[in-house]
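> Got a sequence here, can you model it:
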Amino acid sequence: MKVFKWKVILIIVGVIFGLVLFVVPFSRADVELKDFERFKNDQTFKFYIHGVGQGFAYANGSLQYIGQSPLYCQPANLALKPENYLEILQRYIEKHKNTLKPDWTVEMLLLLGLKETFPCNK
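Model prediction:
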């Protein structure tokens, strides 16, 4: 019985340690470009970027509701998935890699990518 108890304790400690290693990188409020290559294939990062993109979409809707210009003009019939936001971000980074600074945040780069992908015709 004692061996079983220690195995359970070791498993719990291992799970907690693994979660700490997995969650700590995302505990900051933003992710810098220099960390993008390390995180871009991580499922949690993909969901994070999707959440950031959804936040921009809600901000867009709010701006339009109060009669102001949107941040970008995504077609109304186009719903973006996590992989779409990541593709937009990666495409923007690749296209502008010579002018970007390592401490710029991927959140701002995603917004710039959305503006470039879905420009508003004035």
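> Residue 65 versus residue 88, what's the distance?
Between residue 88 and residue 65 the distance, using CB to CB, to the nearest Å, works out to 24 Å. C-beta: built from backbone N, CA, C; applies to glycine.
> Please say which of the two ends up with more neighbours.
residue 88 (22 against 8; other CB atoms under 10 Å).
> Next up, phi/psi of that one, please.
Dihedral angles of residue 88 (phi, psi; degrees, to the nearest 10) stand at phi -60, psi -40.
> Can you pull up the most central residue in this structure?
Centroid-nearest residue in the chain: residue 49, 1.7 Å away (criterion: CA atoms, centre = their mean).
> Please identify which helix or strand holds that one.
Applying DSSP states H and E as the criterion places residue 49 in helix 43-65.
> Which secondary structure elements does that helix sit against?
helix 82-95, helix 106-117 (3 or more CB pairs under 8 Å, 6 or more residues apart in numbering; DSSP states H and E).
> Any stretches of the chain with poor pLDDT?
Across the chain, the ranges flagged by pLDDT under 70 are 1-29, 122.
> what about 90?
The chain contains residues with pLDDT under 90 at 1-47, 76, 82, 97, 100, 102-104, 121-122.
> Residue 93: neighbouring residues, count only.
Neighbours of residue 93 (other CB under 10 Å): 20.
> That one touches residue 34, doesn't it?
No: counting by CB atoms under 8 Å, residue 93 sits too far from residue 34 to count as a contact (11.4 Å).
> Can you tell me the closest non-neighbouring residue to residue 103?
residue 32 (5.3 Å; CB to CB, 6 or more residues apart in numbering).
> same thing with residue 84?
Nearest to residue 84 is residue 53, by CB to CB, 6+ apart, at 8.0 Å.
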